[in-house]
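1. Quick one, fold the following:
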Amino acid sequence: MGNIDENDFPLKHLNVSFGDSASDYTNVVSTFYACWESYNTVCKYAWCDEYDVREAPNRRVRRAMEEENGKRRKAARRERNEEVLSLVQFVKRRDLRVKARMEELKKEKVLKEAERKKEAERKKSEAAAAREKWREEAERARAELEKSDILAGKVRLADLDS
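-> Numbers count the residues shown, from 1 in each chain. Predicted coordinates for the structure are as follows:
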């Protein structure tokens, strides 16, 4: 692999299949994109070093050289990771399996929303029916109480003429 010693950096986690047009989304496609979207290079990028730290005259200069080399390596590593991520995103945007899955999820979301609204409407109508039933029972109980008061000869002050 060129600049990478395969014994130091096993790339087994990148050994995932892209699949084909009939591949299962959850087992193949999502695994592939999850793996490559989390890609992080294992290269050391020593070839990006500007200074040879062995030529440093003293420790202070050597540390400054190492720091500058570290910045360059980090920038090269970040650039490589961004290149891979942009490639993965480019491919993912055009992958028909991903588009089909997004449409499927959108349909499921619409169905769930419709089901949720239907359930809310059902609960609302049940609550209205329960309120109406309670109102009727309360009215009936009040009417029976008035009737029993009249039969018992009890008079309410509100019923008296002034």
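
2. So what's the model's average confidence on the one helix or strand residue 150 maps to?
-> Using DSSP states H and E, residue 150 sits within helix 96-152. On average, the pLDDT along helix 96-152 is 95.

3. how far is it from where the chain is centred?
-> Here the centre of helix 96-152 is set off from its chain's centre by 31 Å, with C-alpha atoms, centre = their mean, to the nearest Å.

4. Against residue 15, how distant is residue 137?
-> For residue 137, the distance to residue 15 (C-beta to C-beta, to the nearest Å) stands at 71 Å. Every C-beta, even on glycine, is put in place using the N, C-alpha and C of the backbone.

5. And residue 117, by the same measure?
-> Going from residue 117 to residue 15 by C-beta to C-beta gives 46 Å.

6. Equivalent analysis for residue 54, please.
-> In this view, residue 54 and residue 15 are 37 Å apart by C-beta to C-beta.

7. Which secondary structure elements does the one helix or strand residue 71 maps to sit against?
-> For residue 71, the host element (DSSP H and E) is helix 59-94. On a contact count with 3 or more C-beta pairs under 8 Å, 6 or more residues apart in numbering; DSSP states H and E, helix 59-94 meets helix 30-37.

8. what packs against the helix it packs on?
-> helix 59-94.

9. ok, residue 56 - how many residues close by?
-> For residue 56, the neighbour count with other C-beta atoms under 10 Å is 15.
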